[in-house]
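Peer 1: Okay, predicted coordinates and the sequence, questions at the end:
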Amino acid sequence: MSAANSDFTRPARRPDFARAFDAVRRITAEPLGALGIFLVALMIGGALFADWLSAYEPGKISPRDRFLVPSWQHLLGTDQLGRDLFSRVLHGGRIALTVALFSTAVSLLIGIVLGLIAGYGPRWLDNLLLLLFDSIKSFPTVMLALALVTLFGPSLTAVVIVVVLVNVPGYARIIRTQTLALKESEFVTAAESMGAGTVRILRVHILPNVLGPLLILTSMDIPVVIAIEAGMSFLGLGVRPPTPSWGSILNDGFTAIRDTPWIAIAGGLPIILTTLGFTFLGETMRDVFDPRLKRHA
Amino acid sequence: MLNYAVKRLLLAVAIVSVAMLLLFTMIYLIPGDPAAVALGPRATEAMREALIVKMGLDQPVWVQFWNFFTRAWMGDLGREVLSERPVAQVVMENLPFTMALIAGGMTWSVALGIPLGCWAAVKRGSWADRLVGVLSVAVIAVPSFVIAIYALLIFAVALRWLPAIGAGEPGNPGDQITHLILPSLAVGLGWVGYIARMVRASMLEVLEAQHIRTARAFGLPDAMITYRYALTIAILPTITLLGVGIGQMLSSAVFAEIVFARPGVGKLVYDAILTRNYPLVSGAVLVTTVLFVLLNLAADLLIGALDPRVRSKL
């Protein structure tokens, strides 16, 4: 009985690597998707292998090499302290990537929990949470960031908190809407009538069905998160020196923009290429896997 | 409609109230003694205690919040620390510069976005359509502060076509407009993408409509059909999109003001943080938040007036 049952409920799945390969093939079939994957791979590769790709320490100050123009020794030139900009850009990618992944994961976790509570919990709690989400979203992002920095001081913590506050209301709303729809569906009613507890219903029956669309939207938010980290570091409110960040390189370049424009170019270029790469990839993924989401954009 | 408007207005009041509570909590939690920060290191203990009483910091938390809350609704945002001028007055002096910047940004986004979206829709499926699509995504993706720095680098530093710093001479509109071109481009360029996409999508929908087919059957010229009959309808959703857009442009404006050293609310808050002028920070953030909520309210009411289906959703 139980064997027959499991055969019946679980359709045969192809091995995971075959599915992943198929997904990559469908994305690279689109020119923009291929370009997106290339740029993202470039960024991730640069961040992972930063120590091998550049001969210089990102924080090594050498006063004799200040403001060197780009050359074969220093591919992107050097800054006001004689630090190699190519090395700083690669290591800045590590910061950008770490912050993006960590803060997106935290936002997802909080967003999912709050969204499930709002969607499945009592009506008053739902209304209260919606009001809270709307209020948080009513702060213009940069203003929210500036206000939070007064509280936490310039730090990576402040960046993560800003990202979480910016992302959570949107994620929670998506989960809530889908949960509300699924709450009335037959398989949930069936599970309820068989005596399944709230946690089991949410975990086994609702969560797997609401997660797919959210993950694609999350991947499209990664460039926004990277922009928040770079933007706050540009204002001197994010990553503290001497830690290399694309935003702080851009700020170094902005300070000396008239005489040494290559510093600003070196700081801006990775931000442009990475945000474009993730956006092209995200858009292609959405169109390929879930065309219905296009209307949300 | 009245019912919807009242409900939507109450929601806006509730949102602003919760935002005030969040802001108050944030300021309350700032480590350090606000009176000591305000007076500086040379203040005596008696001066400090006098200021604590004057600022109401000796009261229980909920009394402090209630005072902050009621005064803020009356437009009293307290006094800033350095010059002791009313915060509301200082913010209002800077607000016109920010509004001018946002208006400039909207001008860019509408002037470029609508024709591009229209062009893409008419040439649907062609290379022009695809190019507009890619460009739209690209300008949406790239953060506005990078656009600001690169615009500064190219047009002000390298080519020297436009000024790099300030808002222009007071009372000289021509000079002020030349100073506005680059910062407002940085603020508005991302929205060119949003608007082009939006106009394209709604144009495609409208071009399929009955009255357009009728116009074609009557043999009206293509240009007249596109611009006179289709675009006037297709543009409606864009107007409401702009309501949300202005709020987002407030964020970009902060960067544009700092990069181009323009006066404005963004620069005000940024400088206030560096000098730990917290009443000014909270006051200015509150004003922009209220502005954002009001603009969204206006946009929602406009959609509600134009589209009855929206009203039933609240």
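Peer 2: All right, it came through fine. None of these values were measured; they are calculated from a predicted model.

Peer 1: For residue A:177, give me its contacts.
Peer 2: Taking CB atoms under 8 Å, 6 or more residues apart in numbering or on different chains, we find residue A:177 in contact with residue A:119. Bear in mind the C-beta positions are built from the backbone N, C-alpha and C, glycine included.

Peer 1: doesn't residue A:231 make contact with residue A:162?
Peer 2: No: in this structure, residue A:162 is not within contact of residue A:231 by CB atoms under 8 Å, at 9.6 Å.

Peer 1: so what sits against both of the two?
Peer 2: The overlap between the contact sets of residue A:162 and residue A:231 (CB under 8 Å, 6+ apart) consists of residue A:145.

Peer 1: Quick one: list the elements packing against the helix or strand hosting residue B:269.
Peer 2: Using DSSP states H and E, residue B:269 sits within helix B:265-274. With contacts defined as 3 or more CB pairs under 8 Å, 6 or more residues apart in numbering or on different chains; DSSP states H and E, the packing partners of helix B:265-274 are helix A:141-152, helix B:87-122, helix B:236-259, helix B:278-306.

Peer 1: Export those helices as JSON lines, with columns for mean neighbour count, mean pLDDT and distance to residue B:197.
Peer 2: Shown next, in JSON lines, are the helices and strands packed on helix B:265-274 (neighbours: other CB atoms under 10 Å in any protein chain shown; pLDDT from 0 to 100; distance: least, CB to CB, whole Å):
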{"stretch": "helix A:141-152", "mean neighbour count": "23", "mean pLDDT": "84", "distance to residue B:197": "21"}
{"stretch": "helix B:87-122", "mean neighbour count": "21", "mean pLDDT": "90", "distance to residue B:197": "7"}
{"stretch": "helix B:236-259", "mean neighbour count": "23", "mean pLDDT": "82", "distance to residue B:197": "10"}
{"stretch": "helix B:278-306", "mean neighbour count": "21", "mean pLDDT": "84", "distance to residue B:197": "18"}
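
Peer 1: okay, the ones you listed in CSV with distance to residue B:225 next?
Peer 2: Shown next, in CSV, are those (distance: least, CB to CB, whole Å):
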stretch, distance to residue B:225
helix A:141-152, 41
helix B:87-122, 10
helix B:236-259, 17
helix B:278-306, 23
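
Peer 1: For residue A:249, which of those is the nearest?
Peer 2: Proximity to residue A:249 (CB to CB) singles out helix B:236-259 among these, at 15.0 Å.

Peer 1: tell me the angle of that closest one relative to helix B:87-122?
Peer 2: Taking axes from the mean of the first three to the mean of the last three CA atoms, to 10 degrees, one finds helix B:236-259 and helix B:87-122 inclined to each other by 130 degrees.

Peer 1: Only alpha carbons, please: show helix B:236-259 as PDB.
Peer 2: Extracted in PDB, the C-alpha atoms of helix B:236-259 (Å, rounded to 0.1, in the frame of the first residue of the first chain):
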ATOM      1  CA  LEU B 236      -2.800  57.000 -19.000                       C
ATOM      2  CA  PRO B 237      -1.100  54.200 -17.000                       C
ATOM      3  CA  THR B 238       2.200  56.100 -17.300                       C
ATOM      4  CA  ILE B 239       0.800  59.200 -15.500                       C
ATOM      5  CA  THR B 240       0.000  57.100 -12.500                       C
ATOM      6  CA  LEU B 241       3.400  55.400 -12.700                       C
ATOM      7  CA  LEU B 242       5.000  58.800 -12.300                       C
ATOM      8  CA  GLY B 243       3.400  59.200  -8.800                       C
ATOM      9  CA  VAL B 244       5.400  56.300  -7.600                       C
ATOM     10  CA  GLY B 245       8.400  57.400  -9.700                       C
ATOM     11  CA  ILE B 246       8.700  60.800  -7.900                       C
ATOM     12  CA  GLY B 247       9.100  59.000  -4.600                       C
ATOM     13  CA  GLN B 248      11.900  56.800  -6.000                       C
ATOM     14  CA  MET B 249      13.500  59.900  -7.600                       C
ATOM     15  CA  LEU B 250      13.800  61.400  -4.100                       C
ATOM     16  CA  SER B 251      16.300  58.600  -3.300                       C
ATOM     17  CA  SER B 252      18.300  59.300  -6.500                       C
ATOM     18  CA  ALA B 253      18.100  63.000  -5.700                       C
ATOM     19  CA  VAL B 254      20.200  62.500  -2.500                       C
ATOM     20  CA  PHE B 255      23.100  61.200  -4.600                       C
ATOM     21  CA  ALA B 256      22.700  63.800  -7.400                       C
ATOM     22  CA  GLU B 257      22.800  66.600  -4.800                       C
ATOM     23  CA  ILE B 258      25.900  65.200  -3.100                       C
ATOM     24  CA  VAL B 259      27.800  64.500  -6.400                       C
END
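
Peer 1: now it against helix A:141-152, angle please.
Peer 2: With the same axes, to 10 degrees as the basis, helix B:236-259 and helix A:141-152 are set at 40 degrees to each other.

Peer 1: wait, does helix B:236-259 make contact with chain A?
Peer 2: Yes: residues of helix B:236-259 contacting chain A under CB under 8 Å from any CB of the partner chain: B:247, B:248, B:250, B:251, B:252, B:254, B:255, B:258, B:259.

Peer 1: how about the residues of the stretch 1-150 of chain A near chain B?
Peer 2: Taking CB under 8 Å from any CB, the part of the stretch 1-150 of chain A that reaches chain B is made up of A:32, A:131-132, A:134-136, A:138-144, A:146-150.
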